[in-house]
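Q: Kindly generate the corresponding structure for this input.
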Amino acid sequence: MATPLPSRGSLSSARKRHLALRWSTWVAAAAIIGYGVAIAMHWDDRGVLWLQERFETPAEQQASIWLPDYQADIDAKVLPGMEDDEASDLTYNPASKTLFAVMGKNPFLVELTLDGDVLRKMPLVGWSNPEGVAMLEGGRLAIVDERDHTLTIVTLTADTQSLNIADFTPYDLGPSANQNKAFEGVAWDPLQKRILLGEERPPALFSLSSDGHSPLTGDKQRLPNDELDLRNLSALGVDPRTGHLLVLSADSNMLLELDEKGEQVSFMTLLGGFNGLSKRIPRAEGVAMDEHGTLYIVSEPNLFYRFKKS
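A: Numbers count the residues shown, from 1 in each chain. Predicted structure coming up:
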């Protein structure tokens, strides 16, 4: 006996159930993809910070760096002759009104104008993987080697053509939570007379007491890290006017401002379409600020950015 064909009504119901199932599957897939994109782009980090910024008063904004007001006026300028290198950090020298960037892949120090033009290149002999640099006092530079877990204070003059680590005494930074993602950020805090250090992953902050002249002694002190809502820590900088800390994260595509208590104040996203950037900063690895509040960033392999308040 032949099986009766389903009626037109029952066929329609089956089709509706099938379409409903397919629709729910598409919605679920879209939600999963959207969540993955949000995590990859770190919208969770930026969303929390954006909400916190809404509660900052105009007076608090004036007393801070206030990164949302910054716009790029030099966007992805190429540092010539450094295509095969890796710009790892940046610092500002108030005495010479120039910048110094450290290159990690082929260790050397480069002096730049405030427009990102190269003035001189100085080989760093004996360094394995210099990842951090900070200008101290009296022509002294602190250079952090991530691979060797050392901080070396060197003396720099206008005639320096190269630096040899054998001429100086490295300070042992000790082990890190992740030996392969160790100390990468360093900054000089002239207001509190200390050297600030940052571990890459998991992000963590430390300080060393220093007058900016004498050899380092004593142990580093761990600072509160509860406000570091970042995937990694690429570099540190200090605003010489307010003493606020700049924390750069390449993985989060973010620059974060912390006050003297270590609390979040403001942030700047490093994606294209924001703060005057035409494209995302590929791999932001160094940050510095001068006495006028002008902001400088370098990115791997050899890109230079400058930001000013609008």
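Q: Please enumerate the strands of the stretch 201-310 of the chain.
A: Here the stretch 201-310 of the chain has its strands, by DSSP state E, counting those that start in this stretch, at 204-209, 221-222, 235-238, 245-249, 254-258, 264-269, 284-289, 295-299, 303-309.
Q: Out of these, indicate the one that is most buried.
A: Among the strands of the stretch 201-310 of the chain, ranked by average contacts under mean count of other Cβ atoms under 10 Å, first place goes to strand 235-238 (a mean of 28). All C-beta atoms are positioned from the backbone trio N, CA, C, and that covers glycine.
Q: which stretches of the protein have low pLDDT?
A: 1-56, 178-180 (pLDDT under 70).
Q: on that earlier part again, now the strands of the stretch 201-310 of the chain in JSON lines, with distance to Lys97?
A: Shown next, in JSON lines, are the strands of the stretch 201-310 of the chain (distance: least, Cβ to Cβ, whole Å):
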{"stretch": "strand 204-209", "distance to Lys97": "27"}
{"stretch": "strand 221-222", "distance to Lys97": "32"}
{"stretch": "strand 235-238", "distance to Lys97": "17"}
{"stretch": "strand 245-249", "distance to Lys97": "19"}
{"stretch": "strand 254-258", "distance to Lys97": "23"}
{"stretch": "strand 264-269", "distance to Lys97": "24"}
{"stretch": "strand 284-289", "distance to Lys97": "12"}
{"stretch": "strand 295-299", "distance to Lys97": "12"}
{"stretch": "strand 303-309", "distance to Lys97": "14"}
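Q: For Thr91, which of those is the nearest?
A: Ranking the strands of the stretch 201-310 of the chain by proximity to Thr91 (Cβ to Cβ) places strand 284-289 first, at 5.2 Å.
Q: Run through the residues that contact Asp84.
A: Asp84 sits next to Lys105, Asn106, Pro301 when contact means Cβ atoms under 8 Å, 6 or more residues apart in numbering.
Q: Identify the residue nearest the first one in space, chain neighbours excluded?
A: Pointing back at Lys105 there. In space, and not counting its chain neighbours, Lys105 is closest to Glu86: 4.1 Å by Cβ to Cβ, 6 or more residues apart in numbering.
Q: What's the local residue count around the one you found?
A: 19 (other Cβ atoms under 10 Å).
Q: Could you measure from it over to Val110?
A: 12 Å (Cβ to Cβ, to the nearest Å).
Q: Asp85 now?
A: 9 Å.
Q: Gly276 now?
A: 25 Å.
Q: Between those two, which has more neighbouring residues?
A: Ranked by neighbour count (other Cβ under 10 Å), Gly276 and Val110 place Val110 first, with 22 against 15.
Q: Tabulate the CA atom coordinates of the helix or strand where the more buried one lies in CSV.
A: Val110 is part of strand 108-112 when elements are defined by DSSP states H and E. Output of strand 108-112 as CSV, limited to C-alpha atoms (Å, rounded to 0.1, in the frame of the first residue of the first chain):
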residue,chain,number,x,y,z
PHE,A,108,71.6,49.5,18.3
LEU,A,109,70.5,52.9,19.6
VAL,A,110,69.2,55.6,17.2
GLU,A,111,68.8,59.3,17.8
LEU,A,112,65.8,61.0,16.2
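Q: Adjacent strands (with direction) for that strand?
A: Strand 108-112 pairs in its sheet with strand 98-103 (antiparallel), strand 118-125 (antiparallel), by DSSP bridges.
Q: which residues sit in contact with the residue nearest to Lys105?
A: Met103, Gly104, Lys105, Glu285, Glu300, Pro301.
Q: Can you tell me which of those is nearest Gln264?
A: Glu285 (21.5 Å).
Q: Surely the closest one is in contact with Glu300?
A: Yes. Here Glu285 lies in contact with Glu300, judged by Cβ atoms under 8 Å, at a distance of 5.5 Å.
Q: intersection of neighbour lists for these two?
A: In contact with both Glu285 and Glu300: Glu86, Ala87, Ser88, using Cβ under 8 Å, 6+ apart.
Q: Identify the bridge partners of Leu236.
A: Residues in beta-bridge contact with Leu236 (DSSP bridges): Val247.
Q: what would the contacts of Asp84 look like in CSV with distance to Leu223 and neighbour count?
A: Formatted as CSV, the contacts of Asp84 follow (distance: Cβ to Cβ, whole Å; neighbours: other Cβ atoms under 10 Å):
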residue, distance to Leu223, neighbour count
Lys105, 30, 15
Asn106, 32, 11
Pro301, 31, 18
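Q: Give me the residue at the spatial middle of the protein.
A: Leu248 (1.9 Å; Cα atoms, centre = their mean).
Q: pretty sure that one contacts Leu236?
A: Yes. In terms of Cβ under 8 Å, Leu248 counts as a neighbour of Leu236; the distance is 7.3 Å.
Q: residues shared between the contacts of these two?
A: By Cβ under 8 Å, 6+ apart, Leu248 and Leu236 have these common neighbours: Gly185, Val287.
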